[in-house]
Structure formats: structure tokens, C-alpha cells
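In: A structural model of the following input is requested.
(one chain, ligands or ions: 1)
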Amino acid sequence: MPNDRYAAAPKLPDGDAIEPALLVPGAPGPIELEIGPGRGWFLVERLAAMPDVGVIGLEVRRKWATIVDDRLRARGMGERGRVFAEDARSALGRLREGTLSTVYLHFPDPWWKKRHQKRLVVTDELVVQAGRVLTVGGELFVQTDVMERADAYERTIAESGLFAPIFGGGPRVEDHPFVARSPRERRAMADGLPIARLRFRRVVVSPP
Ligand SMILES: C[S@@+](CC[C@H](N)C(=O)[O-])C[C@H]1O[C@@H](n2cnc3c(N)ncnc32)[C@H](O)[C@@H]1O
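Out: You can find the predicted model right below:
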């Protein structure tokens, strides 16, 4: 029998120009997006540290979208933080343009075998969509412990033409200023694994 325990997982409202501010009406400040929050601790820690900020998560696994969304509500953060059971590759295009201050991708795409290629989250198209939903000056942050992936992300993001490194020395940074850490980030740090972290900002693109 199919497991439909999470059949009622939270979904984005219908429509193709969803206004993120309406999803987190209790956030007076900027709205951020995490793609693939998994067990969701980055979201919880970020909301706890930044009382003005709203954070939306798009998590393809219905189970974790449900658990984390419930947890946010139970902690009194449900008006500033939501997680929706959505595939970010299709859902991102349904959010209104220029509405988000930061897009986080913490440890996406942990697979490196060829047969897993079709599951990849960070594609050319997703990067373009991330550029579309960010405000000009908004940040795209990506971190991973798969070094080949970091190289590919850096190329894909740079080649989109929509982003520039936040700092003059290039996109790679030792650490980030977000106060919160994702579960996989904590594990990688505890295991002493190298982590590649990339910080880009959305730039204005002049017409050709
Ligand atoms: C390796 S886990 C990392 C989880 C978390 N970001 C962390 O750093 O601990 C990747 C997460 O991305 C989610 N994911 C994979 N493909 C996705 C997609 N197309 N849309 C949204 N989430 C996705 C997975 O279900 C999983 O929760």
C-alpha cells in the first residue's frame, strides 16, 4: 500500500506569480529562500537569529517538508518560515521576479554517478531562475563538500551572466555570515571535510 502519511504536505498556492511576502506575512524584513532544506535546521536557526527575516524552503521530500513546516509552527515561527513540498526546479519559476534577498543551496546534489545526472538541482535553468527571483544585489549562496561540483557550480553561475562574486577576490569564501548552519554542514565540519563555499550577488544586466 502506498505510504500516504504525508499526502497533505504543504504545497505552494496555485498561480505563476506567487508573492513570497504573502507566504510569510509575519516577516517585516527581507525574504530568503532555501532550496532543499532537508531536516531544516538551517531554517530554524536562521529565523531564531534574525527576527525580521522571513525564510521559505522548497523541499522535494514530502516527509521533511511536512515535519519542518510543523516544527516551525510549533516554535512560533510559522508566520516567518514555511517549507513547501515542491521540486525547486519547477517551483522557482512560479515565484514573482525580484522578490527575494538571498537564495541558499546547502549541499545540493550529493551524488556524482552519471546515472544520477537527471536528479541534479543546480542546472543552468535553476541558476537563471534564481537570478530572476532575486532582487538586484541579492545573494546566491552555494556550499558543498563535493569539490568537482563546486567547480561546476562556479562555472554555471558565472556563465549565466546574472551574477558577480560578492568580493573582488572571487566567489570562494572560507566561511559565511549567516549565523545558522545546515545539518550537512555541521556534519562535514565535525568530520573535518573540506567545504567549498561560493558567494555571488545578482547584478544588473545591461541590454545588448
Ligand atoms: C544532501 S541533502 C542536503 C540537505 C540540507 N540542505 C543540508 O545541507 O543539510 C539535499 C536536499 O535537497 C533536497 N532536494 C533534492 N532535489 C530537490 C529538488 N529538485 N527540489 C527541492 N529539494 C530537493 C533533498 O530532498 C535533500 O533534502
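
In: Up against the ligand, what does this protein have?
Out: The chain has residues 35-38, 58-61, 64, 87-89, 106-108, 110, 121, 182-185 near the ligand, with proximity defined as C-beta under 6 Å from any ligand atom. Glycine gets a C-beta too; all of them are placed from N, C-alpha and C.

In: Can you select the buried ones among those residues for me in PyMOL?
Out: A single PyMOL command selects the buried members of those (16 or more other C-beta atoms under 10 Å):
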select buried, resi 35+36+37+38+58+59+60+61+64+88+89+106+107+108+182+184+185
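
In: Among the residues of the chain next to the ligand, which are located in strands?
Out: In this view, the residues of the chain next to the ligand that belong to strands under DSSP state E are 35, 58-59, 106.

In: Looking at those, which one is closest to the ligand?
Out: His106 (3.6 Å; C-beta to the nearest ligand atom).

In: for Lys63, what are its contacts?
Out: Taking C-beta atoms under 8 Å, 6 or more residues apart in numbering as the definition of contact, the neighbours of Lys63 are 5-6, 9.

In: go on, Asp16?
Out: Contact analysis of Asp16 by C-beta under 8 Å, 6+ apart lists 93-94.

In: any idea how far it lies from Phe163?
Out: For Asp16, the distance to Phe163 (C-beta to C-beta, to the nearest Å) stands at 24 Å.

In: can you check Gly138 too?
Out: 10 Å.

In: Overlap in contacts, these two.
Out: Between them, Gly138 and Phe163 have 201-202 as joint contacts when contacts are counted by C-beta under 8 Å, 6+ apart.

In: neighbour count winner among the two?
Out: With neighbours defined as other C-beta atoms under 10 Å, Gly138 and Phe163 compare such that Phe163 has more, 25 against 22.

In: picking that back up, now, the most widely separated pair of the ones in strands among the residues of the chain next to the ligand?
Out: Leu58 and His106 (12.7 Å; C-beta to C-beta).

In: Just the CA trace of stretch 147-164, in PDB.
Out: Only the C-alpha atoms of stretch 147-164 are listed here, as PDB (Å, rounded to 0.1, in the frame of the first residue of the first chain):
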ATOM      1  CA  MET A 147      34.800  19.600  -4.900                       C
ATOM      2  CA  GLU A 148      34.000  18.700  -8.600                       C
ATOM      3  CA  ARG A 149      30.500  20.000  -8.000                       C
ATOM      4  CA  ALA A 150      31.800  23.300  -6.600                       C
ATOM      5  CA  ASP A 151      33.900  23.800  -9.800                       C
ATOM      6  CA  ALA A 152      30.800  23.100 -11.900                       C
ATOM      7  CA  TYR A 153      28.600  25.400  -9.900                       C
ATOM      8  CA  GLU A 154      31.100  28.200 -10.100                       C
ATOM      9  CA  ARG A 155      31.200  27.900 -13.900                       C
ATOM     10  CA  THR A 156      27.400  27.600 -14.300                       C
ATOM     11  CA  ILE A 157      26.700  30.600 -12.100                       C
ATOM     12  CA  ALA A 158      29.500  32.800 -13.700                       C
ATOM     13  CA  GLU A 159      28.400  31.800 -17.200                       C
ATOM     14  CA  SER A 160      24.800  32.800 -16.600                       C
ATOM     15  CA  GLY A 161      25.900  36.400 -16.800                       C
ATOM     16  CA  LEU A 162      23.500  37.300 -13.900                       C
ATOM     17  CA  PHE A 163      25.900  37.200 -11.000                       C
ATOM     18  CA  ALA A 164      29.200  38.500  -9.900                       C
END
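
In: Having no further points to raise, I will conclude here.
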